[in-house]
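[1] Take this sequence and fold it.
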Amino acid sequence: MTSLIQSVDDRTLLAGTNRMEVLLFSLGKDIETGREELFGINVFKVREVMNLPDITHAPYMPRAIEGMVSLRGNIVPVINLPEFCGVQCNEKPEILMVTEFNGQVQGFMVDSVDTIERLDWNEVKAPPDAGESAWGLGYRGSRAWGQTFIDDHGCGESTGGNDGILSG
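    Below you'll find the model as predicted:
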């Protein structure tokens, strides 16, 4: 119990520092390019990660909106993130990452979750000119994460190597 409390304290103390934690995840191996990239999300935006529950499909939904799930009495829209970002995979994702942005809860279907990286903001650099899709790059050793912008038109491409960060 003491280690759990210490872990919670460590994460809570990040809010007052120049650091953040990012949960890395994959959208799967793209059939077209053969690449499997890592993306990430600020852990404070993640409510939970679970195996994909049964989805209730609704007619006339936008592309990549799989439907809705009921989680503890709350209806949560589910977005197939690989499809939304244009990643074509052989298999449909089986993991649901439930997140909250600006008071809105949504679930993102992802292929896998990897690890949590703790970053200093000084490890985030301005990207090379990549248009409006990239917000910044995170560097650690030889790894680089491209922070990717998502809007209702899809995902911008990640930059700076084989990894990307989704940040909220």
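[2] Could you double-check that residue 69 sits in contact with residue 56?
    Yes - the pair residue 69 and residue 56 passes the contact test of C-beta atoms under 8 Å, sitting 7.0 Å apart. The C-beta positions use only the backbone N, C-alpha and C, and glycine is treated the same way.
[3] Give me the more crowded residue out of the two.
    The neighbour comparison of residue 69 against residue 56 (other C-beta atoms under 10 Å) goes to residue 69, with 19 against 12.
[4] and the more buried one, what pLDDT?
    Predicted confidence (pLDDT) for residue 69: 96.
[5] Identify the residues contacting it.
    Contact partners of residue 69, counting by C-beta atoms under 8 Å, 6 or more residues apart in numbering, are 53-56, 75-76, 78, 96, 107.
[6] Residue 29 and residue 89 touch, don't they?
    Yes - A contact is recorded between residue 29 and residue 89 when judged using C-beta under 8 Å, the distance being 6.4 Å.
[7] Student question: in the chain, what's the helix or strand with minimum average pLDDT?
    Across the helices and strands of the chain, mean pLDDT, DSSP states H and E gives its lowest value to strand 163-166, namely a mean of 42.
[8] Strands along the protein, start to end?
    Using DSSP state E, the strands assigned to the chain run over residues 19-26, 38-42, 46-51, 65-71, 74-80, 95-101, 104-110, 112-120, 124-125, 134-140, 143-148, 150-151, 154-155, 163-166.
[9] winner for burial among the ones you listed?
    Each of these was assessed for mean neighbour count using mean count of other C-beta atoms under 10 Å. The highest is strand 163-166, with a mean of 25.
[10] Test of understanding: give the bridge partners of residue 106.
    residue 99 (DSSP bridges).
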